[in-house]
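**Q** Dropping a prediction and its sequence here:
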2 protein chains.
Amino acid sequence: MPKSTFFNLKKEKRARIIEAAGQEFSQQPLYNASINNIIKTAKIPRGSFYQYFEDLPDLYGYYFSLILENIQEDLIDSVYKDGGDIFKAVQEYASIYLEDILAGPHHNFYKNFFLGANIAIQSKKGGHGPGFDVYHSERLNQLRVRLKEVVNWEQLKVENEDDQNALQQLIMMIFFHSFANYFVHAIDSQKHPEDVLKEIKRNLSWLEFGVRRMEEQ
Amino acid sequence: MPKSTFFNLKKEKRARIIEAAGQEFSQQPLYNASINNIIKTAKIPRGSFYQYFEDLPDLYGYYFSLILENIQEDLIDSVYKDGGDIFKAVQEYASIYLEDILAGPHHNFYKNFFLGANIAIQSKKGGHGPGFDVYHSERLNQLRVRLKEVVNWEQLKVENEDDQNALQQLIMMIFFHSFANYFVHAIDSQKHPEDVLKEIKRNLSWLEFGVRRMEEQ
DNA sequence: ATCAATTTATGACAGGTTGTCATTTACGGA
DNA sequence: TCCGTAAATGACAACCTGTCATAAATTGAT
């Protein structure tokens, strides 16, 4: 979180800094981004930067939260318009948001964010593209295939191989997500180890049986 | 992906490097980790590092994939033992895995990984703990609350506020996950913009209605 | 066993980055 | 007008990265 000094700044200056940050984070993923570039673009002296922010991730986090706020606001509108149906709303909102992501001014930021966020890894010169090989080790591929063979798909509403892959991914996501949640909240000890298991259980069972309440019939 | 040179190394040396990497990544999140520390610990000259890896993320990714392989292998065993029921298996596996995460030698690595992976942000000196304020801006909290008010929870099997929060989070996760997927695969243009929408739709509808095929009744 | 060719090892170095700090400047209230 | 607090500033030490020329080792063919 930026320091109070930053929020005391005149709007214009603050905007200039945010703008510069946006530029930098669009050109480089956080990992390669540099404070130097930002202060040069924003035309503030080095010392000032540290008067406003703890460090680069601090600014990054702030910048990201600004964008996230926009998303949330729009999503809320969508939900509201859809009479509270969050599933419908998210879907509808996704089409709008997609436009924004692909054509909007934040396109490159999103790209860097998503590529980096997922795994927190980005090599400069990967095999293909910006380098991203974590999930592509040969062994890992074998294992993915093996898992697919071992699962009894008959129990599930999964029509084709593509779906199978997606579902596997989703389950792993939930698994990791729950653990991540633990670490985030364990910091201020709001969460105990057993809670992780409960959370995984709950989230998975939502996915298994659905969260929509069905009409009595 | 490490270069072939690395894989040609003698087992002992490779192990030493991996070991050193593990140490560093457990003490620092990737963002603050340094090649210098690793080569010092592993006792290899600077030039060698670049003979083996592209850069630090490259090594990080490799290290992570090793850990991921273990997870996957164990999970596969679980699924197999459970007669192919992946939901049951993941749940069961989670308890075992939890032990490993909390008490095992990789505990700190996981901590850094999860804290960093989720958002790709870690400040050194945050307000509380390792600093992690992205998701805690006041405005963002307001928005979360507002969203909760706007959603029609009656439609959903959600019992309490805790569940509401968790479900919101899960939906956003799926949303972001699908977009991230697009960027990852758009690189080698295996994926087109419309696919994102399809993926969001599919994943959300799984969550909405469940993936388990119900017995005819 | 010899030698050339190829692969690997090595560490000094240039270029760049970060966080700090002593000093200066601006501002708000008495 | 003056003082104390908050903010601005840029030089600097410490550190880090990626490269490259050179040395050593390994391989394979004769």
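**A** All right, it came through fine. Numbering: from 1, shown residues only, chains lettered A, B, ... in the order given.

**Q** for DNA strand C, what are the nearby residues on chain A?
**A** Residues of chain A lying close to DNA strand C (C-beta under 7 Å from any atom of the strand) are A:Ala33, A:Ser34, A:Ile35, A:Asn36, A:Asn37, A:Arg46, A:Gly47, A:Tyr50, A:Asp55, A:Leu56. Yep, even glycine has a C-beta here, placed from its N, CA and C like the rest.

**Q** Can you tell me which of the residues you listed are buried?
**A** Neighbour counting with 16 or more other C-beta atoms under 10 Å in any protein chain shown marks A:Ala33, A:Ile35, A:Asn37, A:Asp55, A:Leu56 as buried within the residues of chain A next to DNA strand C.

**Q** Please tell me how far the first one sits from A:Ala20.
**A** Using C-beta to C-beta, to the nearest Å, A:Ala33 is found at 11 Å from A:Ala20.

**Q** try the third one
**A** Using C-beta to C-beta, one gets 8 Å for the distance from A:Asn37 to A:Ala20.

**Q** what sits against the closest residue to A:Ala42 other than its chain neighbours?
**A** Leaving out its chain neighbours, the residue that sits closest to A:Ala42 by C-beta to C-beta, 6 or more residues apart in numbering or on different chains is A:Ala20, at 3.7 Å. For A:Ala20, the contact set (C-beta atoms under 8 Å, 6 or more residues apart in numbering or on different chains) comprises A:Asn37, A:Ile38, A:Ile39, A:Thr41, A:Ala42.

**Q** neighbour-wise, which of those leads?
**A** Neighbour tally across these (other C-beta atoms under 10 Å in any protein chain shown): the maximum, 22 neighbours, falls on A:Ile38.

**Q** quick one: what helix or strand has that one in it?
**A** Counting by DSSP states H and E, the element that carries A:Ile38 is helix A:35-42.

**Q** Run the contact check for that helix versus DNA strand D.
**A** No: applying C-beta under 7 Å from any atom of the strand, one finds helix A:35-42 separated from DNA strand D by no less than 9.1 Å.

**Q** For stretch A:164-182, buried residues please.
**A** Applying 16+ other C-beta under 10 Å to stretch A:164-182 flags A:164, A:166-182 as buried.

**Q** Need the pLDDT of the residue nearest to A:Ala42.
**A** Listed pLDDT for A:Ala20 reads 97.

**Q** do you know how far it is from B:Lys111?
**A** Distance, A:Ala20 to B:Lys111, by C-beta to C-beta: 32 Å.

**Q** ok, now A:Glu199?
**A** Look at A:Glu199 and B:Lys111: by C-beta to C-beta, they are 17 Å apart.

**Q** what about chain A, any weak spots by pLDDT?
**A** For chain A, residues meeting the criterion pLDDT under 70 lie at A:116-136, A:216-217.

**Q** and if we set it to 50?
**A** Across chain A, the ranges flagged by pLDDT under 50 are A:118-122, A:124-135, A:217.

**Q** now the helices: where do they sit in chain A?
**A** Along chain A, the segments classed as helices by DSSP state H run A:4-8, A:11-27, A:35-42, A:46-52, A:56-81, A:86-103, A:107-119, A:138-150, A:161-186, A:193-209.

**Q** looking at the ones you listed, which is buried most?
**A** Among these, ranked by average contacts under mean count of other C-beta atoms under 10 Å in any protein chain shown, first place goes to helix A:107-119 (a mean of 21).

**Q** which residue packs closest to A:Glu154, ignoring adjacent ones?
**A** Counting by C-beta to C-beta, 6+ apart, A:Glu154 lies nearest to B:Arg213, which is 7.4 Å off, once chain neighbours are set aside.

**Q** what's the distance between that neighbour and DNA strand C?
**A** Plainly put, B:Arg213 is 52 Å away from DNA strand C if you go by C-beta to the nearest atom of the strand, to the nearest Å.

**Q** ok, now A:Lys198?
**A** Using C-beta to the nearest atom of the strand, A:Lys198 is found at 37 Å from DNA strand C.

**Q** Which pair of the residues of chain A next to DNA strand C spans the longest distance?
**A** A:Ala33 and A:Gly47 (19.1 Å; C-beta to C-beta).

**Q** which residue does chain A bring closest to DNA strand D?
**A** Closest contact between chain A and DNA strand D, by C-beta to the nearest atom of the strand, is at A:Gly47 (1.9 Å).

**Q** contacting residues for that residue?
**A** When the contact criterion is C-beta under 8 Å, 6+ apart, A:Gly47 has no partners at all.

**Q** Then A:Leu56?
**A** A:Leu30, A:Ala33, A:Ser34, A:Ile35.

**Q** these two touch, right, the third one and A:Glu24?
**A** It refers to A:Ser34. Yes: with contact defined as C-beta atoms under 8 Å, A:Ser34 reaches A:Glu24; the gap is 7.3 Å.

**Q** Tell me how chain A divides into domains.
**A** What automatic domain parsing lists as the domains of chain A is A:4-119, A:137-209.

**Q** unless I'm mixing things up, A:Asp85 is touching B:Gln155, no?
**A** Yes: between A:Asp85 and B:Gln155 there is a contact at 6.8 Å, judged by C-beta under 8 Å.

**Q** how about the residues of chain A that lie near DNA strand D?
**A** Applying C-beta under 7 Å from any atom of the strand, we find that chain A lies next to DNA strand D at A:4-5, A:8-9, A:13, A:44-48, A:50-52, A:124.

**Q** Mind telling me the two of those farthest from one another?
**A** So, those by C-beta to C-beta: farthest apart are A:Asn8 and A:Lys124, at 37.5 Å.

**Q** tell me the contacts of A:Ile96?
**A** A:Asp74, A:Ser78.

**Q** could you measure it against A:Asp82, distance?
**A** Counting by C-beta to C-beta - A:Ile96 and A:Asp82 are separated by 13 Å.

**Q** rewinding a little: now do the helix holding A:Ile38: everything it contacts.
**A** Contacts to helix A:35-42, defined as C-beta under 8 Å, 6+ apart, come from residues A:16-17, A:19-21, A:23-24, A:28, A:45-46, A:48-49, A:55-56, A:59.
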